[in-house]
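Trainee: Got a predicted structure plus its sequence, pasted below:
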Amino acid sequence: MASLALVHLSPSPRTLTSTKPYFGARLQPTVAIPKTLKLKPKPKPKSTVTRMSYNPTPATDRLISAVAYTLPFFNSLQYGRYVFMQFPKLGLLFDPLFPLLSLYRSIPYASFVAFFALYLGVVRNPSFSRYVRFNSMQAVTLDVLLVLPLLIQRIFNPGRGGLGFQVMVWGHSALFVLIVFCFIYSLVSCILGRTPHLPFVANAAGRQI
């Protein structure tokens, strides 16, 4: 009985757990340190190279194109007589051109010869560049349009007075001013190497090239 009491009274052995970590154990850090730091190189700034797509027009092409527009300009001076009568000072600007105009008209059939020489020798000649041929065709188209008022005048014969004559004066003056503006615009464009696009005329000229 005494032995049983000793058995019951003897406390059960407690397992001692050490709160301190074992020195041989590996301590896992609480802060996660990246294994490898990948440093991305800074992107190099892209060098923007501007390439000029502008091809300069040769000087010979500019010269031929500019001279081509003198054909409709010289033929349009006959429509400006009413403008010169109304504004005499405006005629002073065209005085240097009158010797050339008189020389041009002194040649028999100069207008027809210049027209066919420009059309057959330049427009239909593939040895010239498209720039020259297009401008020459625009000049030829303008010259053809100048013939229409003369045909209308011969058909209807407005006379020397009345409403018909006044309409003819207005029409001739407006046509002269229009051709002068077209000539100046085309001449400046050809000198700068640009392609002048005249309304309606450019479309008709482009179909013939």
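Mentor: That came in fine, so what should we check first?
Trainee: Kindly list the longest helix within the protein.
Mentor: The helix spanning the most residues in the chain, taking DSSP state H as the definition, is helix 162-192.
Trainee: average pLDDT for it?
Mentor: Helix 162-192 shows a mean pLDDT of 93.
Trainee: What is the subsequent helix or strand relative to it?
Mentor: Moving toward the C-terminus from helix 162-192, the next helix or strand (DSSP states H and E) is helix 201-208.
Trainee: Can you list the neighbours in contact with that next one?
Mentor: Val123, Phe134, Met137, Gln138, Val140, Thr141, Leu142, Leu145, Cys182, Pro196 (Cβ atoms under 8 Å, 6 or more residues apart in numbering). Every residue, glycine included, has its C-beta placed from N, CA and C.
Trainee: From Asp61, how far off is the closest residue to the fifth one other than its chain neighbours?
Mentor: Put plainly, it is Val140. Leaving aside its chain neighbours, Val140 sits nearest to Tyr119 (5.2 Å; criterion: Cβ to Cβ, 6 or more residues apart in numbering). Distance of Tyr119 to Asp61, given as Cβ to Cβ, to the nearest Å: 18 Å.
Trainee: Can you pull out the low-pLDDT segments for this protein?
Mentor: Screening the chain residue by residue with the criterion pLDDT under 70, one finds the ranges 1-55.
Trainee: same thing but 50
Mentor: Counting by pLDDT under 50, the low-confidence segments of the chain come to 1-29, 31, 33-34, 37, 47-53.
Trainee: which residues in it form helices?
Mentor: For the chain, helices defined by DSSP H occupy the ranges 2-9, 59-68, 70-76, 81-86, 98-106, 110-118, 130-145, 147-156, 162-192, 201-208.
Trainee: Make JSON lines from these and add distance to Leu92 and mean neighbour count to it.
Mentor: Rendered in JSON lines, the data for the helices of the chain read as follows (distance: least, Cβ to Cβ, whole Å; neighbours: other Cβ atoms under 10 Å):
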{"stretch": "helix 2-9", "distance to Leu92": "145", "mean neighbour count": "8"}
{"stretch": "helix 59-68", "distance to Leu92": "23", "mean neighbour count": "18"}
{"stretch": "helix 70-76", "distance to Leu92": "17", "mean neighbour count": "21"}
{"stretch": "helix 81-86", "distance to Leu92": "10", "mean neighbour count": "14"}
{"stretch": "helix 98-106", "distance to Leu92": "11", "mean neighbour count": "11"}
{"stretch": "helix 110-118", "distance to Leu92": "25", "mean neighbour count": "15"}
{"stretch": "helix 130-145", "distance to Leu92": "25", "mean neighbour count": "22"}
{"stretch": "helix 147-156", "distance to Leu92": "26", "mean neighbour count": "11"}
{"stretch": "helix 162-192", "distance to Leu92": "15", "mean neighbour count": "16"}
{"stretch": "helix 201-208", "distance to Leu92": "29", "mean neighbour count": "15"}
